[in-house]
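> Mind looking at a prediction? Sequence and model below.
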Amino acid sequence: MTDMFQKIKDHEQVVFCNDESTGLKAIIAIHSTRLGPALGGCRMFPYNSVDEALEDVLRLSKGMTYKCAAADCDFGGGKAVIIGDPLKDKTPELFRAFGQFVESLNGRFYTGTDMGTSTEDFVHALKETNCIVGVDEVYGGSGDSSVPTAHGVIYGLQATNKALTGTDDLSGKSYAIQGLGKVGYKVAERLLEEGADLFVTDISRQAIDQLLSKAKEIGAGVKVLSGNEIYEAQADFFVPCAMGGIINDETIGLLKVKAIVGSANNQLKDMRHGQILKDKSILYAPDYIVNAGGLIQVADELYTPNKERVLRKTKAIYNSLLNIYEHAEANGITTVEASNQFCESRIEARTRRNSFFSHMKRPKWSVRT
Ligand SMILES: NC(=O)c1ccc[n+]([C@@H]2O[C@H](COP(=O)([O-])OP(=O)(O)OC[C@H]3O[C@@H](n4cnc5c(N)ncnc54)[C@H](O)[C@@H]3O)[C@@H](O)[C@H]2O)c1
């Protein structure tokens, strides 16, 4: 039999949630509450096995610990996965049952949407627990998180420009954007307004057409590329805003850019690709630093939503990145190693200040009275 404790040795708590009446099968993984209660989205996916789901939730929840630490949020890392087909298996009752399991953790875990789940799903969960973030404004949430995420990408591009050229001016440079969805479109629009040259690709013709008509409106130039052509674009920056794993053995040799800065999660297929980028003198902005705007918004929501405050906090991405570039350069390490080290030392330093339950919605002692 698999030694389960060996498998989850990095994690504080893993909860298997089973509700026969609704068919809910979910796993909640709390990687760390050293900085505060665990925060992380809930993914719904038709995993082939429980092992596959467990692997995913363990990996994702650990990533959230680093992301929260980097974004200076007083939260730890967690994540949930629901085993099921988002197109067939969703019911309001299933999300209410999920909400009850979240509630049973008594404030140790906050969650919301991720791949395969929508804000509407969490309106059902919200009836069972307050530990839900990121629902629409009409339900008291902070709404679309892609706005601060796109701002974060722009700050990331400015910081990287600064590191490469001494100025954070985005104009007069070229950017190859993969994905013109909620985040990518906003980034493209801002870059066009700044006077940048764009190469773009998207599998959706509608997304491309929308950007082309925007470009026409302001008289800017956009070159549309198909599929893999985006990796070979003669641009200054590659801006991945679609799927993860796109920096891999097949694509890395094609890149001609000076830097990579984008919102996509888990851009590097493997840690060693960070070293290959360094060897090729391509500056890589660690994804979880650049795309933290959405996390900053949902974490901030618990103080009551305020868009302006979120944008101010998101601005910190600029300095965080410059510090990481400096630390990587000074120590001859990759930017991913530098960023991981930065997060680990922040967790170490903060752990001595935050008590284990300091951010729980109900302090432990009140349960006993
Ligand atoms: N939305 C947020 O707040 C947020 C926060 C953090 C990270 N991210 C990450 O940023 C990325 C984009 O998020 P989003 O919210 O804009 O998603 P989205 O679904 O709105 O947009 C993704 C876009 O990529 C396109 N696309 C999909 N496959 C493609 C391919 N093979 N080639 C080219 N284009 C492709 C889609 O057609 C779509 O237009 C995702 O990786 C997401 O996980 C988003």
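Happy to help now that I have it. Numbering: from 1, shown residues only.
> ok, now which ones touch residue 225?
176, 199-201, 233 (C-beta atoms under 8 Å, 6 or more residues apart in numbering). Bear in mind the C-beta positions are built from the backbone N, C-alpha and C, glycine included.
> same thing but 7 Å
Contact analysis of residue 225 by C-beta atoms under 7 Å, 6 or more residues apart in numbering lists 199-201, 233.
> show me where pLDDT drops low in this structure?
1, 352-369 (pLDDT under 70).
> Smallest gap between the stretch 101-250 of the chain and the ligand, at which residue?
residue 181 (1.7 Å; C-beta to the nearest ligand atom).
> burial measure for that residue, as a count.
Neighbour count of residue 181, defined by other C-beta atoms under 10 Å: 14.
> measure it to residue 243 for me?
Using C-beta to C-beta, to the nearest Å, residue 181 is found at 10 Å from residue 243.
> Which stretches in this protein count as strands?
13-19, 24-32, 38-39, 42-45, 76-83, 109-110, 174-178, 197-201, 222-224, 237-240, 259-260, 283-284 (DSSP state E).
> so does the fifth one get close to the ligand?
No. Remark: strand 76-83 sits outside contact range of the ligand, by C-beta under 6 Å from any ligand atom, the gap being at least 13.0 Å.
> next one: that strand to chain centre, how far?
13 Å (C-alpha atoms, centre = their mean, to the nearest Å).
> So for residue 146, what's the nearest residue that isn't a sequence neighbour?
residue 182 (3.6 Å; C-beta to C-beta, 6 or more residues apart in numbering).
> count of neighbours near the one you found?
Applying other C-beta under 10 Å, I find that residue 182 has 16 neighbouring residues.
> Check the one 3 residues further on too.
Other residues near residue 185 come to 21 when the count uses other C-beta under 10 Å.
> likewise residue 74?
15.
> my read: it touches residue 35, true?
Yes. Counting by C-beta atoms under 7 Å, residue 74 touches residue 35, with 5.9 Å between them.
> circling back to that earlier point, redo the contacts of residue 225 as CSV? Include neighbour count and distance to the ligand.
Below are these laid out as CSV (neighbours: other C-beta atoms under 10 Å; distance: C-beta to the nearest ligand atom, whole Å):
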residue, neighbour count, distance to the ligand
199, 22, 12
200, 26, 9
201, 23, 5
233, 24, 13
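> what does the stretch 51-200 of the chain have sitting close to the ligand?
145-146, 149, 178-184.
> Narrow the residues you listed to those in helices?
146, 149, 182-184 (DSSP state H).
> Specify which member of the residues you listed is nearest to residue 303.
residue 149 (19.1 Å; C-beta to C-beta).
> need the contact list for the closest one.
Counting by C-beta under 7 Å, 6+ apart, the residues that residue 149 touches are 183, 263, 291, 293-294.
> ditto for residue 215
192, 221-222.
> same thing but 6 Å
Taking C-beta atoms under 6 Å, 6 or more residues apart in numbering as the contact definition, residue 215 lies against 192, 222.
> Please apply the same query to residue 243.
Applying C-beta under 6 Å, 6+ apart, we find residue 243 in contact with no residue.
> mind listing the helices for the stretch 1-150 of the chain?
When secondary structure is read from DSSP state H, counting those that start in this stretch, the stretch 1-150 of the chain shows helices at 4-7, 50-70, 92-104, 119-125, 146-165.
> Tell me which of those helices sits most buried.
Highest mean neighbour count of the helices of the stretch 1-150 of the chain: helix 146-165, a mean of 23 (counted as mean count of other C-beta atoms under 10 Å).
> I'd like the distance from it to the chain centre, please.
Distance, centroid of helix 146-165 to centroid of chain: 15 Å (C-alpha atoms, centre = their mean).
> Let me know the angle separating that helix from strand 174-178.
140 degrees (axes from the mean of the first three to the mean of the last three C-alpha atoms, to 10 degrees).
> What would helix 146-165 look like as PDB? C-alpha coordinates only.
Extracted as PDB, the C-alpha positions of helix 146-165 are listed here (Å, rounded to 0.1, in the frame of the first residue of the first chain):
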ATOM      1  CA  SER A 146      -8.400  39.500 -14.900                       C
ATOM      2  CA  VAL A 147      -8.300  43.300 -14.500                       C
ATOM      3  CA  PRO A 148      -5.600  43.400 -11.800                       C
ATOM      4  CA  THR A 149      -3.900  40.300 -13.400                       C
ATOM      5  CA  ALA A 150      -3.500  42.300 -16.700                       C
ATOM      6  CA  HIS A 151      -2.200  45.300 -14.700                       C
ATOM      7  CA  GLY A 152       0.300  42.900 -13.100                       C
ATOM      8  CA  VAL A 153       1.500  41.800 -16.500                       C
ATOM      9  CA  ILE A 154       2.000  45.400 -17.600                       C
ATOM     10  CA  TYR A 155       4.000  46.100 -14.400                       C
ATOM     11  CA  GLY A 156       6.000  42.900 -15.100                       C
ATOM     12  CA  LEU A 157       6.800  44.100 -18.600                       C
ATOM     13  CA  GLN A 158       7.800  47.600 -17.300                       C
ATOM     14  CA  ALA A 159      10.200  46.100 -14.700                       C
ATOM     15  CA  THR A 160      11.700  43.700 -17.200                       C
ATOM     16  CA  ASN A 161      12.200  46.600 -19.700                       C
ATOM     17  CA  LYS A 162      13.900  48.500 -16.900                       C
ATOM     18  CA  ALA A 163      16.200  45.600 -16.200                       C
ATOM     19  CA  LEU A 164      17.100  45.100 -19.800                       C
ATOM     20  CA  THR A 165      17.300  48.700 -21.100                       C
END
